[in-house]
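**Student:** Fold the stuff below for me.
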Amino acid sequence: NAAKNSQKLVINGKEIRNLVIPKNVKSIATDTFASCRWLESIIFEGDLEEIGYHAFRDCSRLKSVQFCGAIGKIGSDAFYGCRNLEKLELPEVNEIGYNAFAIGPADLIARIKEEKRQENLDLYAGRGLRELRFKGKVGIVKRHAFALNQRLETVEGLENIQSVDESGDPFQYTPFEGKL
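**Tutor:** The predicted structure is shown next:
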């Protein structure tokens, strides 16, 4: 008996801030936890086939995500807008989708840069990932997967990435743009 009530996750009448996804859950459907703004941490205890489109989009207070097993696919926009997520360690992943961990709209940022409107770009400064570690093999990383994480200081395991989508840089508008 779960419900999203006023952007809070409520299960059996109790507000949930720390979520544990048990080993027997193999996929998270589209929009399942989108906009649960009070959600602060998630632990995935086992292997996952898929984390769906927008599954955790705009969980703006989310600080911690822990993966304990392999992942088939992290869908497009799955963690888009989770601007307080600072550290991320990814296990073996077959696919990381478009904008999966982006903190804002990369296409809009391109227009802002063209128009030289730095004050609008500054809205994204000081937010997003600081550390990213690819601990296992990654099949493909799609366009803008980590876009706008401008304070990204550490990325380890780039050699584990087998393929990058040719339509755009996964690290656009980060210090690691063009490194793959």
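**Student:** so where's the chain uncertain?
**Tutor:** 1-14, 106-126 (pLDDT under 70).
**Student:** the helices in it, which residues?
**Tutor:** Using DSSP state H, the helices assigned to the chain run over residues 106-114, 118-121.
**Student:** ok, now which ones touch the residue nearest to Glu86 when sequence neighbours are not counted?
**Tutor:** Leaving aside its chain neighbours, Glu86 sits nearest to Arg130 (4.9 Å; criterion: CB to CB, 6 or more residues apart in numbering). Yep, even glycine has a C-beta here, placed from its N, CA and C like the rest. If you count contacts by CB atoms under 8 Å, 6 or more residues apart in numbering, Arg130 has them with 86-87, 151-154.
**Student:** gap between Asn84 and Val138?
**Tutor:** As judged by CB to CB, to the nearest Å, Asn84 and Val138 stand 24 Å apart.
**Student:** just to revisit the earlier point, can you tell me which of the contacts of Arg130 is nearest Ser167?
**Tutor:** Of all the contacts of Arg130, Ser167 sits closest to Leu152, with 20.9 Å by CB to CB.
**Student:** pretty sure that closest one is touching Gln172, no?
**Tutor:** No - the pair Leu152 / Gln172 is not scored as a contact, 11.5 Å apart, by CB atoms under 8 Å.
**Student:** wait, isn't Ile74 in contact with Ala100?
**Tutor:** Yes - using CB under 8 Å, Ile74 is in contact with Ala100, at 4.9 Å.
**Student:** Ramachandran angles for the spatially most central residue of the chain?
**Tutor:** The centroid of the chain falls nearest to Phe101 when counting by CA atoms, centre = their mean (2.6 Å). Taking degrees, to the nearest 10, you get phi -120, psi 20 for the backbone angles of Phe101.
**Student:** who are the neighbours in contact with it?
**Tutor:** For Phe101, the contact set (CB under 8 Å, 6+ apart) comprises 78-80, 82, 85, 88, 129, 145-146, 149.
**Student:** What subset of the contacts of Arg130 is buried?
**Tutor:** 86, 151-152 (16 or more other CB atoms under 10 Å).
**Student:** Which one of those is nearest to Glu92?
**Tutor:** The closest of the buried ones among the contacts of Arg130, once distances to Glu92 are taken by CB to CB, is Leu152, at 21.5 Å.
**Student:** List the contacts of Ile43.
**Tutor:** Shown in contact with Ile43 (CB under 8 Å, 6+ apart): 18-21, 66, 68.
**Student:** hmm, try it at 6 Å
**Tutor:** Applying CB atoms under 6 Å, 6 or more residues apart in numbering to Ile43 gives the contacts 20, 66.
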